[in-house]
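Engineer: return atomic coordinates for the entry below.
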Amino acid sequence: MAYRTISMLVCLAAFLLHVAVAEEVEEDKASPSSVAIALTLLGSVSFMMILYYFTNHPDEDMKKYTYDVISQTISIFCAVLMFQACNDLTEYFFGLEESPIWFQLLIDICQLIFWYVILQVSLAVISGALDEYGFTPKNIESADLNSQCFAVLLAHMTGFASINAFGTMQQLAIFRCNWWMSALVVPIAMQILFAVERFTARVREHIMLADDGEKDDYEELWDESTAEAEDDIMGLTVSFLSVQSIKYGICGFLANQEGVEPWDVLSKHGFGQSFSLYSMAVIFAVGTIVFYLRVPANTKEGKEELDMHEELEGNAEEEARQRRIEVARQVLGMSYAWANFYAVKWYMASFTLVQHDRMLLAVLLAMLLSFSSFALIRCLDWLADLDFTPQEIDAAIVFFIKAIGVLVGFSWEQCFDEATACLSSVVRFPHTTKTALAVFCGLIIVPAWRIYILPMARQEGWKFGFVISADDGEKWAQIIQDNKFKKMVQTVHKTSMEKHRESMAVKGYRRTKTMEVIDSIKNVAQAHGARMSCVGSDVAQAEFGALQTEYEQLPSDEVEELKLKYQMLEKTLAAALASYQSHMEKMHSMMSKMAGKLPDDGQFP
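Structural biologist: A predicted model of the protein is given here:
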């Protein structure tokens, strides 16, 4: 049913795209704003219904990916909305629109430092690492979930602040003269952010060891969540700046620090430039998978591998290398997302339906990328579930699916960003409007995301459709006492007992057949007058044990096939017995010779 619905929606999207490029002959046609409203209505309802299908999909992996994409999209949207409001107020207060570029860069760097400090301090308080100052969370589980929530949110806000700062650096005359000079900002940003990461890591280390010389669970949580947030910042910044330079090299025009181009430039890229940029997206996608396979890293999932090498523990250089590998993976994955997003945007901007309407373009783009991304995720999940794909390939596919989720988040982030710009452009106080939207986001959307969506993605709520928590004792008591639950438990118990009986019956039949054959083998050995413990043939003993173990694991219909092996074992036993008898004859002969040389008392001198 889900696949039929998706196919119908894909056909509908194809029809809309056909209408977009077809020539209109009717005189009475809808305005672009009406088309945008209609597409938003149809697309949003259809998209929500598809999310219901995927969140209740029979494949558990699809449910997990869906909740991850939803959580990531909402976090990116909230982070961008709140950062844009703060950035807009900063630009208005300092008058940056009419200021020289060097002053804009200075203010943007100050913003980056401000959000970096907010990130470090907030996670220290939320994780419970500063419990000696009175900031004690309820328990480690609550601290973990709160740290994940604000780590993701503040990492995206700080990441977009970093994009804004280094994107402004690309606008300097020395860097914007050509595309390869603009690309020099990428290594500059990397070195600066790496230096900041090393500095903050040392500060955290000093604070964590200052009280008792050891790291407790809450301090470890602070360190891990902050390091992951800093890696996200690096990935967002480097990937965006890299794609900015690639776009500049393809079309010959450098977009502003937010990636926005004038409409006259955006609508004239055409198929050739769009295809070139999409080819770069494919290269980044292949590079993501190849790099994941060729350069392994000791991530959270592979932490057991790191524990096997105890000599690496406490090695700062090794930890830094592992973080660089993880950052490189994120840069490749996010570069694919940025390149794919802008390639499709370039191509769709040439449609006659859009007609200089950025809001309509953003809505079309978000819906198209969302539908196509979920279809691609389903295909990749099907490929990962196949038996012939190695475990390493499956892990690389799962990592690439995360990059596809980032693409969906970017598309809706740009859509919401354009929506706030449209709303603020028609009101009397645009800066106040953006601030009000940010406050609305902080008071309504962020708590709902933290309470209801993030636990489904991070605490395996996707597996059962709800989060298993010890705090919900009253709810579980009501569920256990419900008659439907009792009937369900009885049904499950009855079914499991029937399966257990069937399994035991099959095992009993196989065990009976196995014992019959083992008894026959023992009889063969006794007929030759030898026991396995007396036979001087290690090979025969090994063959006997291996054959017995092998037979216990085989079904009864393969008993006939093993008779040849039993005959070979019989021959082996006979040969071993002959060798044993020959050996014993030699021993008796030698002992007889020695007996003639013994003294009268029968003792050796």
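Engineer: kindly provide the distance from Asp385 to Phe341.
Structural biologist: 28 Å (C-beta to C-beta, to the nearest Å). For every residue, glycine as well, the C-beta is placed using N, CA and C.
Engineer: how about the strands in the chain?
Structural biologist: If DSSP state E is used as the criterion, the chain turns out to lack strands entirely.
Engineer: what separation do you get for Ala349 and Glu318?
Structural biologist: 47 Å.
Engineer: just to revisit the earlier point, pick out whichever of Asp385 and Phe341 has more residues nearby.
Structural biologist: A count of neighbours by other C-beta atoms under 10 Å puts Phe341 above the other of Asp385 and Phe341, at 24 against 13.
Engineer: that one against Leu368, yeah?
Structural biologist: No. With contact defined as C-beta atoms under 8 Å, Phe341 and Leu368 do not form a contacting pair (10.7 Å).
Engineer: can you give me the neighbour number for Leu353?
Structural biologist: What Leu353 shows, counting by other C-beta under 10 Å, is a neighbour count of 20.
Engineer: what do you get for Ala210?
Structural biologist: Close neighbours of Ala210, defined as other C-beta under 10 Å, add up to 9.
Engineer: what score does it have for pLDDT?
Structural biologist: Per-residue pLDDT puts Ala210 at 78.
Engineer: gap between it and Arg204?
Structural biologist: Computed with C-beta to C-beta, the distance linking Ala210 and Arg204 is 11 Å.
Engineer: what's the answer for Phe371, then?
Structural biologist: Phe371 sits 42 Å away from Arg204, going by C-beta to C-beta.
Engineer: give me the number of residues near Ser496?
Structural biologist: Residue neighbour count, defined by other C-beta under 10 Å, stands at 10 for Ser496.
Engineer: contacting residues around it?
Structural biologist: Residues in contact with Ser496 (C-beta atoms under 8 Å, 6 or more residues apart in numbering): none are found.
Engineer: end to end, how far does stretch 259-275 reach?
Structural biologist: Its start and end residues considered, stretch 259-275 measures 18 Å (C-alpha to C-alpha, to the nearest Å).
Engineer: hmm, I typed the wrong one, I wanted stretch 207-219.
Structural biologist: Taking C-alpha to C-alpha, stretch 207-219 runs 9 Å from one end to the other.
Engineer: what sits against Ala339?
Structural biologist: Ala339 makes contacts with Val243, Ile246, Leu277, Tyr278, Met280, Ala281, Phe284, as judged by C-beta under 8 Å, 6+ apart.
Engineer: how about it: what's its closest non-neighbour residue?
Structural biologist: Ala281 (3.7 Å; C-beta to C-beta, 6 or more residues apart in numbering).
Engineer: and what of Met208?
Structural biologist: Using C-beta to C-beta, 6+ apart and skipping residues adjacent in sequence, the residue nearest Met208 is Glu219, 4.3 Å away.
Engineer: how close does the one you found get to Val290?
Structural biologist: 37 Å.
Engineer: which one's more surrounded, the two?
Structural biologist: In this view Glu219 and Val290 are compared by other C-beta under 10 Å, and Glu219 has more residues nearby, 23 against 12.
Engineer: for Lys120, grab the count of nearby residues.
Structural biologist: Slight slip there: residue 120 is Gln, not Lys. Residues within reach of Gln120, counting by other C-beta under 10 Å, total 20.
Engineer: who touches the residue nearest to it when sequence neighbours are not counted in this structure?
Structural biologist: In this structure, Gln120 finds its nearest non-sequential neighbour in Thr200, 5.9 Å apart by C-beta to C-beta, 6+ apart. In this structure, Thr200 makes contact with Tyr116, Gln120, Thr226, Glu230, judged by C-beta under 8 Å, 6+ apart.
Engineer: list the residues that contact the third one.
Structural biologist: Contact partners of Thr226, counting by C-beta under 8 Å, 6+ apart, are Leu119, Gln120, Leu123, Ala124, Ala151, Thr200, Arg204.
Engineer: again, but for the second one
Structural biologist: Neighbouring residues of Gln120 by C-beta under 8 Å, 6+ apart: Thr200, Val203, Arg204, Thr226.
Engineer: please apply the same query to Thr158.
Structural biologist: Thr158 is in contact with Leu112, Trp115, Tyr116, Ile118, Leu119, Ala229, Ile233, counting by C-beta under 8 Å, 6+ apart.
Engineer: wait, Ser370 touches Ser44, no?
Structural biologist: No. Taking C-beta under 8 Å as the definition, Ser370 is not a contact partner of Ser44, at 10.3 Å.
Engineer: mind pulling up the pLDDT for Thr491?
Structural biologist: Each residue has a pLDDT score; the one for Thr491 is 81.
Engineer: picking that back up, how close does the residue nearest to Met208 sit to Gln322?
Structural biologist: Separation of Glu219 from Gln322 (C-beta to C-beta): 20 Å.
Engineer: swap in Lys402?
Structural biologist: Applying C-beta to C-beta, one obtains 18 Å for the distance of Lys402 from Gln322.
Engineer: and the nearest residue to Ala129 once chain neighbours are set aside, how far is that from Glu141?
Structural biologist: Here the nearest residue to Ala129 in space, its sequence neighbours aside, is Trp222; by C-beta to C-beta, 6+ apart that works out to 3.8 Å. Relative to Glu141, Trp222 is positioned 15 Å away (C-beta to C-beta).
Engineer: more crowded one of these two?
Structural biologist: Trp222 (27 against 13).
Engineer: then stretch 398-411 to CSV, C-alphas only?
Structural biologist: Taking only C-alpha atoms (Å, rounded to 0.1, in the frame of the first residue of the first chain), the coordinates of stretch 398-411 have been written out as CSV:
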residue,chain,number,x,y,z
VAL,A,398,24.1,3.4,6.6
PHE,A,399,26.6,6.3,6.9
PHE,A,400,25.7,7.6,3.5
ILE,A,401,22.0,7.5,4.4
LYS,A,402,22.8,10.0,7.1
ALA,A,403,24.2,12.3,4.4
ILE,A,404,20.9,11.9,2.5
GLY,A,405,19.1,12.9,5.7
VAL,A,406,21.2,16.0,5.9
LEU,A,407,20.1,16.9,2.3
VAL,A,408,16.5,16.8,3.4
GLY,A,409,17.3,19.0,6.3
PHE,A,410,19.1,21.5,4.1
SER,A,411,16.2,21.7,1.6
